[in-house]
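Undergrad: Provided below are the primary sequence and the corresponding predicted coordinates.
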Amino acid sequence: MIKIGIIGCGKIAQKRHIPEYMDNEHAQLAGYYDLNQARAEELARKYGGKTYASYQDLLADKDIEAVSVCTANTSHAEITIAALKAGKHVLCEKPMATTLQDCEAMVQTARDTRRFLMLGHNQRLAKAHVKARQLVEEGLIGDIVSFRTTFGHGGPETWSIDPGKNVWFFDKSKAAMGAMADLGIHKTDLIHYLTGQQVVETTARLLTIDKRYANGELIGVDDNAICIYRLSGGALGTMTASWTHYGKEDNSTVLYGTRGIMRIYDDPRYSIQVTTRDEETILYELDQIQTNDNQTKSGIIDAFIDCLVENKEPEISGEEALKTMRVIFASIESSQTGKTVAVDQD
């Protein structure tokens, strides 16, 4: 059994990490740390294991082999680097970190310590995305010419252990970034995954349009991000991340190829719809992607544990996540300067 420590006991830990570790026969929850000690103690009573007065104390426990870092965005790098140096494998929630330098330091530390660093980019594991990548590789829709990918919902107000209009997601000192970091990271990484290419250029606008604190002031981070991406293979497309889709959640992607069009999670029944250039329609009824209101098993925990059991590098590694983070920071620069920014992926 692999003994796991949970650092940060908020909603993402309680709704995803902990239940999925409990469901994995090779994992054992052994320790918990949270700024709210009572919250950690409640989880220890419920699931077994013990609590620690600090994350440093948890990392000093030699019996714990791996940790999930589920804290606020601005603390990801500090805790992850400390965990890797303490000899722990790390599954870190997205966004990886809040500066490019910190992201690079996390990757370098994983290399230096020879420990695994994995990020929670769970969209890669959705059944329709896995199948879509296979179909793209097989050439079903030809070469990718353009694309659009969207992740929009009504906001993270209820996706917090302390819900409401003053959630930590809106606090720049804790989150650093808004919808771009919460949702845009998923869809940027997904485009890399589906196409097998990398974003090499971005023209972006990150805006705060509608979200407000309880006092009526606009929140301190972006609630919308709209980006035009150019891929290494020449395709041009859009990525939209939004916390102001006040209706049905949109988590769709459309790929436009030289031989046809592929729509993914764009229909309530068919998770993939392909229309060929000859107007043939091919439908795949695989699954429906999870939403904030309908959480299903992400597959992230099982993938992480499999890596530890089999001693193999995670597919969703720190190195892979770094490619996405470079696009995120380049998009922020583009929005701030009003210019198109090249993404340095070297």
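TA: Received, thanks. Numbers count the residues shown, from 1 in each chain.
Undergrad: sec struct for Ile282, please.
TA: Assigned by DSSP: H, G, I helix; E, B strand; the rest coil, the conformation of Ile282 is strand.
Undergrad: Give me the distance between the closest residue to it other than its chain neighbours and Arg133.
TA: The spatial neighbour of Ile282 that comes closest, neighbours along the chain excluded (Cβ to Cβ, 6 or more residues apart in numbering), is Val274 at 4.2 Å. Where you see a C-beta, it was placed from the backbone N, CA and C, and this is true even at glycine. Noted for Val274: a distance of 14 Å to Arg133, by Cβ to Cβ, to the nearest Å.
Undergrad: Neighbour count: those two, which is higher?
TA: More crowded of Val274 and Arg133, by other Cβ atoms under 10 Å: Val274, with 22 against 16.
Undergrad: per-residue pLDDT, the more buried one?
TA: We have a pLDDT of 98 for Val274.
Undergrad: buried set for the helix or strand that contains it?
TA: Per DSSP states H and E: Val274 is located in strand 272-276. Neighbour-count burial for strand 272-276 flags Ile272, Gln273, Val274, Thr276 (criterion: 16 or more other Cβ atoms under 10 Å).
Undergrad: Could you tell me how far the first one is located from Ile289?
TA: From Ile272 across to Ile289, the span is 11 Å (Cβ to Cβ).
Undergrad: shared neighbours of the two, anything?
TA: Ala128 (Cβ atoms under 8 Å, 6 or more residues apart in numbering).
Undergrad: Go ahead and confirm Leu194 touches Arg133.
TA: Yes: between Leu194 and Arg133 there is a contact under Cβ atoms under 8 Å: 5.3 Å.
Undergrad: Packing partners of the lengthiest helix in the chain?
TA: Longest helix in the chain by number of residues (criterion: DSSP state H): helix 318-337. Based on contacts counted as 3 or more Cβ pairs under 8 Å, 6 or more residues apart in numbering; DSSP states H and E, the elements that helix 318-337 packs against are helix 100-113, strand 117-119, helix 185-195, strand 199-207, strand 224-231, strand 341-342.
Undergrad: Val221 versus the residue lying closest to Gly220 once chain neighbours are set aside, what's the distance?
TA: In space, and not counting its chain neighbours, Gly220 is closest to Lys172: 3.7 Å by Cβ to Cβ, 6+ apart. Separation of Lys172 from Val221 (Cβ to Cβ): 5 Å.
Undergrad: likewise Ile191?
TA: Separation of Ile191 from Val221 (Cβ to Cβ): 22 Å.
Undergrad: and what of Ala27?
TA: 33 Å.
Undergrad: Over to Gly154?
TA: Distance, Gly154 to Val221, by Cβ to Cβ: 16 Å.
Undergrad: picking that back up, kindly state the beta-bridge partners for the residue nearest to Ile282.
TA: With DSSP bridges as the criterion, Val274 is bridged to Met262, Ile282.
Undergrad: Residues in contact with the longest helix of the chain: which ones?
TA: Taking Cβ under 8 Å, 6+ apart as the rule, helix 318-337 contacts 94-97, 99-100, 103-104, 106-107, 110, 117-119, 121, 177, 180-181, 184-185, 188-189, 192, 198-199, 202-207, 225, 227, 229, 340-345.
Undergrad: Could you give the backbone dihedrals for the nearest residue to Val167 once chain neighbours are set aside?
TA: Counting by Cβ to Cβ, 6+ apart, Ser160 is the residue found nearest to Val167 once chain neighbours are left out, at 4.2 Å. In this entry, Ser160 is assigned phi and psi values of phi -160, psi 150 (degrees, to the nearest 10).
Undergrad: Now do Ser160, the pLDDT please.
TA: 75.
Undergrad: hang on, the earlier thing: the longest helix of the chain to strand 224-231, inter-axis angle?
TA: 120 degrees (axes from the mean of the first three to the mean of the last three Cα atoms, to 10 degrees).
Undergrad: Now do the buried residues in helix 318-337.
TA: 318, 320-322, 324-332, 334-335.
Undergrad: Surely the residue nearest to Gly220 is in contact with Tyr213?
TA: No: using Cβ under 8 Å, Lys172 is not in contact with Tyr213, being 11.6 Å away.
Undergrad: Now the common contact residues for the two.
TA: Shared contacts of Lys172 and Tyr213 (Cβ under 8 Å, 6+ apart): none.
Undergrad: so where do the helices sit in the chain?
TA: 11-12, 18-22, 37-47, 55-60, 76-85, 100-113, 127-137, 172-175, 179, 185-195, 300-310, 318-337.
Undergrad: can you redo these as TSV with mean pLDDT and distance to Thr238?
TA: Below are the helices of the chain laid out as TSV (pLDDT from 0 to 100; distance: least, Cβ to Cβ, whole Å):
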stretch	mean pLDDT	distance to Thr238
helix 11-12	93	28
helix 18-22	97	32
helix 37-47	97	40
helix 55-60	98	39
helix 76-85	98	28
helix 100-113	98	23
helix 127-137	97	18
helix 172-175	93	24
helix 179	98	15
helix 185-195	98	10
helix 300-310	97	26
helix 318-337	98	12
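Undergrad: most packed of those?
TA: helix 179 (a mean of 29; mean count of other Cβ atoms under 10 Å).
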